[in-house]
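[1] The sequence isn't on hand, but the structure is:
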């Protein structure tokens, strides 16, 4: 009887240890396998010399470092990234808009910006109201919040493309009249393509926006809170501001400021 009792206790101890091991390890693969996704969206995120970089990317990487998350950031066509963003995924950078508000956990803001209308300086003629802009061909990135915004504003002559580089080329070739993007993206895309800033003019501001890292609603609240706290710590200790300065980004930068 004593031998049976000893064996039984040993089995119970083994089961208890195994259960603890499962609890300890069980969440780790789950937490570490959540994709972190972005697109080619300079200066927020872009590939340079085969490496993913950008002001938003560096901020997100710093968050990941502080929470001990080692997953590689995936870069995808932005339309695809947006389609998958509501299902078991972190995605950045997303503009926080009313249409999107209830679809995500919001971590941020990580960068401040504004929606703007840009034209070739040589084609600017007078003031540009929304009514006047609606009559023109407007280029925008497919699947981006800028495309949604134009539809909200009742624009009918929208030409959607895969990225901002294509919009820039179309603007220079006069295949579109106006480019609708963010002030930071217009400014940086011109820099990347070695185009004089003076060759393009922001003819109208639309609205101020905050860019966020978002998590799909199926992610645990505790995890999202941990990432938000890491961002808060980054801002408190000056790391956030240092990254902004490295990319020459200041809140609400505009070519007309």
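    It's in. The shown structure was predicted, so the numbers you read here are calculated from the model rather than taken from an experiment.
[2] And the strands in the stretch 101-250 of the chain, which stretches?
    Remark: strands assigned in the stretch 101-250 of the chain by DSSP state E, counting those that start in this stretch are 104-120, 138-141, 158-161, 178-182, 200-216.
[3] Quick one: closest of those strands to residue 225.
    Closest to residue 225 of the strands of the stretch 101-250 of the chain is strand 104-120 (Cβ to Cβ; 9.0 Å). Glycine gets a C-beta too; all of them are placed from N, C-alpha and C.
[4] coming back round to it: can you list the strands of the stretch 101-250 of the chain in a markdown table and add mean neighbour count?
    A markdown table is the format used below for the strands of the stretch 101-250 of the chain (neighbours: other Cβ atoms under 10 Å):
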| stretch | mean neighbour count |
| --- | --- |
| strand 104-120 | 22 |
| strand 138-141 | 25 |
| strand 158-161 | 16 |
| strand 178-182 | 26 |
| strand 200-216 | 20 |
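[5] Let me know which of these is the nearest to residue 151.
    So among the strands of the stretch 101-250 of the chain, strand 158-161 is nearest, using Cβ to Cβ, at 7.3 Å.
[6] for the strands of the stretch 101-250 of the chain, which one sits closest to residue 59?
    strand 104-120 (4.9 Å).
[7] Give me the distance from that closest one to the chain's centre.
    Relative to its chain's centre, strand 104-120 lies at 9 Å (Cα atoms, centre = their mean, to the nearest Å).
[8] burial measure for residue 233, as a count.
    Counted by other Cβ atoms under 10 Å, the residues lying close to residue 233 total 14.
[9] what's the neighbour count on the residue lying closest to it once chain neighbours are set aside?
    What sits nearest to residue 233 in space, not counting adjacent residues and going by Cβ to Cβ, 6 or more residues apart in numbering, is residue 66, at 6.6 Å. When neighbours are counted by other Cβ under 10 Å, residue 66 registers 16.
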